[in-house]
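**Q** need coordinates for the following:
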Amino acid sequence: MSGLGPSSTAEEIVDHLRAIGSAENRAGMARYGIKADHAFGISQADLRKLSKLLKKNHDRAIQLWESGWREARVLAALTAEPKKLTREQARRWADDFDSWDIVDTVGDIFVDTPYWLELIDQFADDEREFVRRAAFAMMAWANVPRKKVSEAVLMTFFPLIERHATDPRNFVKKAVNWALRQTGKNSTSLHAIALALARKLAESDDKTARWIGKDAARELGAEKTLAMVAKRDEMAARRRSRRGH
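**A** Purely as a prediction, here's the structure:
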C-alpha cells in the first residue's frame, strides 16, 4: 500500500488514491448505481485494507471527507472516531450524501455515536433520498451483534419502517426493506413482529409497500433465516448465563 501508515496526511492519502485509481473500476461502479463522477475507481475491499494501515485519526478523517473524493470519504468513515464526531459534523456529512455506497459505509459509524437515535429520527423525516436512506441503513447496522443494541431499542424501528414503506424511490425502498429484514433476524421476538409487518405490507394497496413486504416475508420465512434466528437466541442466552455467573 505504498508506505502509507498512521502518520500519513490527508493530502498524501488522496495522492495515493489518485495514483492507484482505475477507469475500469469507475465504469463498474456506475453499473452498480454508485456515483463515480468524483471517484478514482478503487474497490471497497482495497479501501478497507488501507484503512487498517492508516488507523483511526479523527481530524484527518474530517480532512479526507472535505476533499470530496468518493474513496477519501469512504476512508474518512472507516478511520473517523465516532465518539468525537459532533452532531454538526454528522449532519454536514449527511448533506453531502449522493451515493448509496457512501451512505451505507457512513451509516455503520453513525450507529456508534452517542446520539445515533436522534439522527435516525431526523434522517427519516428528511425528504432527500440519500439522507432518508441513511436512517434505514443505520437501523440495519444497529442489528449487527457487535453493536450490542437492546431489543427494546430495535423494537422502536418498526413504526418508522411502516411509515416510510410507501416511499417509491429506489434507494429508500431498498434500505427500508434491508432494515426490516435485518431487524427481523435479530431474535425470535423481533422476528415475529417483523414477519407480521412484512405480511401486512405485502397486502398493501401501495406498490412499493407490497414489494418491500413480499421480499422481506420471503426471506424472513425461509428455513435458513429461522435457523439463524434460533442460533442468535442461543448465543444471547449463553451470554446472559455467563454474566449471571
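**Q** average pLDDT for whichever strand or helix holds Thr183?
**A** Assigned by DSSP states H and E, Thr183 falls within helix 170-184. Mean pLDDT, helix 170-184: 98.
**Q** and that helix, what does it pack against?
**A** In terms of contacts (3 or more C-beta pairs under 8 Å, 6 or more residues apart in numbering; DSSP states H and E), helix 170-184 is packed against helix 100-110, helix 129-142, helix 157-163, helix 188-202, helix 207-220. For glycine as for every other residue, the C-beta is placed from the backbone atoms N, C-alpha and C.
**Q** make JSON lines out of those helices and add mean pLDDT, distance to Ala30 and mean neighbour count.
**A** Listed next are the helices and strands packed on helix 170-184 as JSON lines, based on pLDDT from 0 to 100; distance: least, C-beta to C-beta, whole Å; neighbours: other C-beta atoms under 10 Å:
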{"stretch": "helix 100-110", "mean pLDDT": "97", "distance to Ala30": "12", "mean neighbour count": "23"}
{"stretch": "helix 129-142", "mean pLDDT": "98", "distance to Ala30": "16", "mean neighbour count": "26"}
{"stretch": "helix 157-163", "mean pLDDT": "98", "distance to Ala30": "30", "mean neighbour count": "18"}
{"stretch": "helix 188-202", "mean pLDDT": "97", "distance to Ala30": "31", "mean neighbour count": "18"}
{"stretch": "helix 207-220", "mean pLDDT": "98", "distance to Ala30": "24", "mean neighbour count": "20"}
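**Q** so how far is Met29 from Lys35?
**A** For Lys35, the distance to Met29 (C-beta to C-beta, to the nearest Å) stands at 8 Å.
**Q** sorry, wrong one. I was asking about Asp101.
**A** For Asp101, the distance to Met29 - C-beta to C-beta - is 8 Å.
**Q** now do Lys185
**A** Distance from Lys185 to Met29, by C-beta to C-beta: 28 Å.
**Q** those two: who's more crowded?
**A** Met29 (22 against 18; other C-beta atoms under 10 Å).
**Q** which non-adjacent residue is nearest that one?
**A** Using C-beta to C-beta, 6 or more residues apart in numbering and skipping the chain neighbours, the partner closest in space to Met29 is Ala36 (4.2 Å).
**Q** test my guess that that neighbour contacts Ser22.
**A** No: Ala36 lies out of contact with Ser22 (C-beta atoms under 8 Å); the separation is 10.9 Å.
**Q** neighbour-wise, which of these two wins?
**A** A side-by-side neighbour count of Ala36 and Ser22, using other C-beta under 10 Å, places Ala36 first with 20 against 14.
**Q** may I ask which helix or strand encompasses the more buried one?
**A** Assessed by DSSP H and E, Ala36 sits outside every helix and strand.
**Q** can I see the domain layout of the chain?
**A** 1-80, 87-245 (automatic domain parsing).
**Q** in this protein, which helix is the longest?
**A** Longest helix in the chain by number of residues (criterion: DSSP state H): helix 223-244.
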